[in-house]
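>>> here is a sequence together with a model predicted from it:
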Amino acid sequence: MAGKNKQYDEILAALRRLSRSDLRDSERAAVAQELDDIDTMVTKLEHGVVEIAAFGEVNSGKSSLLNALLGRPSFAVAAIAGKTRELSRQEWTPRRETIKGFADNRLVMVDTPGINEVEGDDRAAIAEATVRYADIVLFVTYGDLNDVEFSAIKALRALHKPIILVINKIDLFKRRELEQTVASIRAKVSGMIGEADIVFAAGDPSPALRVYHNLDGSEREEWVERPAIIEDLSARILEILHREGKAVVALNANLFATEVSERIAALKAMVRGEEADRLIRRFMWIKASAVALNPVPVADIAGGMVSDAVMVQQLGAVYGQPFSRENARALITEILGAWGIMVSLEWVTHLAAGVIKGTAPLAGHALVAIPQGLAAAWTTYIVGQAASVYFRQGGWGGRGAKAILRDILSGVDRDSVLEPLKDELLRRLGAKASSSALLKRL
Ligand SMILES: Nc1nc2c(ncn2[C@@H]2O[C@H](COP(=O)(O)OP(=O)(O)OP(=O)(O)O)[C@@H](O)[C@H]2O)c(=O)[nH]1
Ligand SMILES: [Mg+2]
């Protein structure tokens with residue numbers, strides 16, 4: 001099929017590009033599942049597979065129905081609910097020469113576990129994962145739709161899957177009961193599933209009791225097997241394939257590609273965000289401890305840009321944007337300018353007042369060292385956050401650096417960012433102070 005159809009080729013090419021996209025090891029590990037999913041979809045498209053999945057509550061007769069369509073007992077069936085535990089696939093070979101354009105396709109039936117035991121949001125996620133590769137969904141029920149079934153149908157509709165709603169086990173219904181059930185189901189799904197896509201079936205009807213009248217007037221009872229009722233369903237599936245042709249498969253592949261690339265983008269952003277955070281915290285500590293353990297003149301706090309420049313370069317690498325040392329310095333200058341901080345004693349004192357309050361009065365060396373260390377770390381934090389935004393969005397964007405700095409500053413609680421650093425500095429300085437006190441006493 002590949003190569004014959006432009007739409008297919010484009011989707012295939014997009015998926016292959018996605019799986020080859022430049023990913024660092026940590027990113028590749030985070031999106032391993034998505035890359036596997038892409039491989040599965042690529043293989044499916046390359047082999048021209050069309051998947052038809054049965055979906056519904058446990059015991060609704062999904063496996064039996066698929067067996068009836070296949071004409072062989074391929075899927076396990078049981079009277080106890082929850083027989084099917086995993087997705088499984090079987091090739092279906094109806095008179096496929098009758099389906100226009102599908103002569104070189106493989107039709108595959110997919111059996112799925114029942115949806116019951118899963119709750120709320122999870123149900124939508126499970127439905128999504130279960131029918132991810134399905135081109136047509138057979139939603140199997142054997143009575144009026146309950147809330148679980150209804151919310152599953154809504155989830156499937158949200159995925160834009162063509163759905164055939166199968167009212168199964170019709171051999172168990174009385175005529176009136178069946179009419180009422182159908183009327184109620186139609187009302188519930190109106191606007192979601194068209195009438196032509198609601199069909200009756202009996203995948204595995206119970207045997208019927210036949211009474212034979214003998215010539216001598218006696219009667220003989222016998223249980224006789226009844227054939228499955230699947231003609232309407234089978235016809236409807238073939239009709240959809242016939243009418244929609246490969247658009248059904250292309251639509252599904254396209255939705256899949258969009259969904260999987262969004263998931264990859266989100267996971268990549270998460271991995272990068274976490275790495276950036278770790279990096280910023282490491283540099284905050286380096287700077288805070290260097291400054292606090294060796295106090296430098298206050299004016300040097302923001303001026304000593306070397307470690308910040310290295311951090312910015314490394315952040316660029318996390319976001320896949322190599323940055324020279326000069327560019328890193330220029331970016332830092334721009335950030336500090338947009339922030340508009342006064343690197344002055346006043347600023348440090350002000351900052352210290354916020355963070356140090358609540359701490360036992362500091363003495364001697366710590367009185368100067370800790371506020372200076374924290375001020376240095378705070379500068380590094382803000383520079384790191386702003387640079388991360390810059391790299392993430394490929395520049396400052398229309399709103400400019402000042403607006404971004406404002407967002408960062410209003411969205412962060414300075415005291416809680418610096419708190420762990422303060423404690424660690426106090427611990428280290430405390431240890432240093434007590435050892436020097438000890439030395440003096442000797
Ligand atoms: N009377 C009647 N019984 C049916 C019909 N289809 C299936 N059954 C019975 O319903 C029970 C469950 O059938 P399965 O096909 O295993 O149902 P399932 O939906 O695959 O169930 P799980 O795999 O547990 O989710 C079995 O006892 C079947 O014989 C039908 O059309 N009529
Ligand atoms: Mg089953």
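Nice, I can see it. Ligands and ions are numbered 1, 2, ... in the order given.

>>> what about Arg157, which SS state?
Secondary structure, DSSP: H, G, I helix; E, B strand; the rest coil: Arg157 is helix.

>>> so what's it closest to, chain neighbours aside?
Residue nearest to Arg157 in three dimensions, not counting chain neighbours: Met192, with 5.1 Å by C-beta to C-beta, 6 or more residues apart in numbering. From N, CA and C alone the C-beta is placed, and that goes for glycine too.

>>> so the one you found sits against Lys154, correct?
Yes: Met192 is within contact range of Lys154, at 7.3 Å (criterion: C-beta atoms under 8 Å).

>>> whichever strand or helix holds Leu69 - what's its average pLDDT?
Using DSSP states H and E, Leu69 sits within helix 62-70. Averaged across helix 62-70, pLDDT comes to 96.

>>> show me what that helix is packed up against.
Identification of packing neighbours for helix 62-70 by 3 or more C-beta pairs under 8 Å, 6 or more residues apart in numbering; DSSP states H and E yields strand 49-56, strand 88-92, strand 106-111, strand 136-141, helix 231-244.

>>> residues from the protein in reach of ligand 1?
Neighbours of ligand 1 within the chain, by C-beta under 6 Å from any ligand atom: 58-64, 77-79, 81-84, 113-114, 168-169, 171-172, 202-206.

>>> which of the residues you listed are buried?
Among those, those scoring as buried are 59-64, 77, 83-84, 113-114, 168-169, 171, 202-205 (criterion: 16 or more other C-beta atoms under 10 Å).

>>> show only the entries of the residues you listed found in helices.
Among these, DSSP state H puts Lys62, Ser63, Ser64 in helices.

>>> between those residues, which is nearest Phe283?
Lys62 (56.2 Å; C-beta to C-beta).

>>> quick one, strands of this structure?
Here the chain has its strands, by DSSP state E, at 49-56, 88-92, 106-111, 136-141, 163-167, 198-200, 208-213, 219-224.

>>> so what are the sheet partners of the third one and their directions?
Which is strand 106-111. Counting by DSSP bridges, the strands paired with strand 106-111 are strand 49-56 (parallel), strand 88-92 (antiparallel).

>>> of the ones you listed, which is nearest Ile408?
With distances scored as C-beta to C-beta, the stretch of those nearest to Ile408 is strand 49-56 (46.0 Å).

>>> can I get the closest one in PDB? Just the C-alpha atoms.
This file holds the C-alpha atoms of strand 49-56, laid out as PDB (Å, rounded to 0.1, in the frame of the first residue of the first chain):
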ATOM      1  CA  VAL A  49      -3.300  -3.400   8.200                       C
ATOM      2  CA  VAL A  50      -6.900  -2.200   8.900                       C
ATOM      3  CA  GLU A  51      -7.800  -2.900  12.500                       C
ATOM      4  CA  ILE A  52     -11.400  -3.600  13.700                       C
ATOM      5  CA  ALA A  53     -11.500  -3.700  17.500                       C
ATOM      6  CA  ALA A  54     -14.300  -5.000  19.800                       C
ATOM      7  CA  PHE A  55     -14.700  -2.900  22.800                       C
ATOM      8  CA  GLY A  56     -17.200  -2.900  25.700                       C
END
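
>>> who touches it?
44, 62-63, 65-66, 89, 92, 102, 105-112, 114-115, 127, 130-131, 133-141, 149, 152, 156, 237, 241, 248-249 (C-beta atoms under 8 Å, 6 or more residues apart in numbering).

>>> which of those residues are buried? Put it as a ChimeraX command.
The ChimeraX selection below is limited to those of these classed as buried (16+ other C-beta under 10 Å):
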select :44,62,63,65,66,92,102,105,106,107,108,109,110,111,112,114,115,127,130,131,133,134,135,136,137,138,139,140,141,149,152,156,237,241,248,249
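
>>> write out the residues of the stretch 301-442 of the chain neighbouring ligand 2.
Near ligand 2, no residue belonging to the stretch 301-442 of the chain is found when assessed by C-beta under 5 Å from the ion.

>>> give the residue spans of the stretch 301-442 of the chain that score low on pLDDT.
301-304, 341-368, 430-442 (pLDDT under 70).

>>> hang on, the earlier thing: just name the most buried of the strands paired with strand 106-111.
Neighbour counts (mean count of other C-beta atoms under 10 Å) averaged over each of the strands paired with strand 106-111 peak at strand 49-56, with a mean of 24.

>>> if we can go back for a sec, any chance of JSON lines for the helices and strands packed on helix 62-70, columns distance to Gln314 and mean pLDDT?
Shown next, in JSON lines, are these (distance: least, C-beta to C-beta, whole Å; pLDDT from 0 to 100):
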{"stretch": "strand 49-56", "distance to Gln314": "45", "mean pLDDT": "93"}
{"stretch": "strand 88-92", "distance to Gln314": "47", "mean pLDDT": "89"}
{"stretch": "strand 106-111", "distance to Gln314": "46", "mean pLDDT": "91"}
{"stretch": "strand 136-141", "distance to Gln314": "47", "mean pLDDT": "97"}
{"stretch": "helix 231-244", "distance to Gln314": "51", "mean pLDDT": "89"}
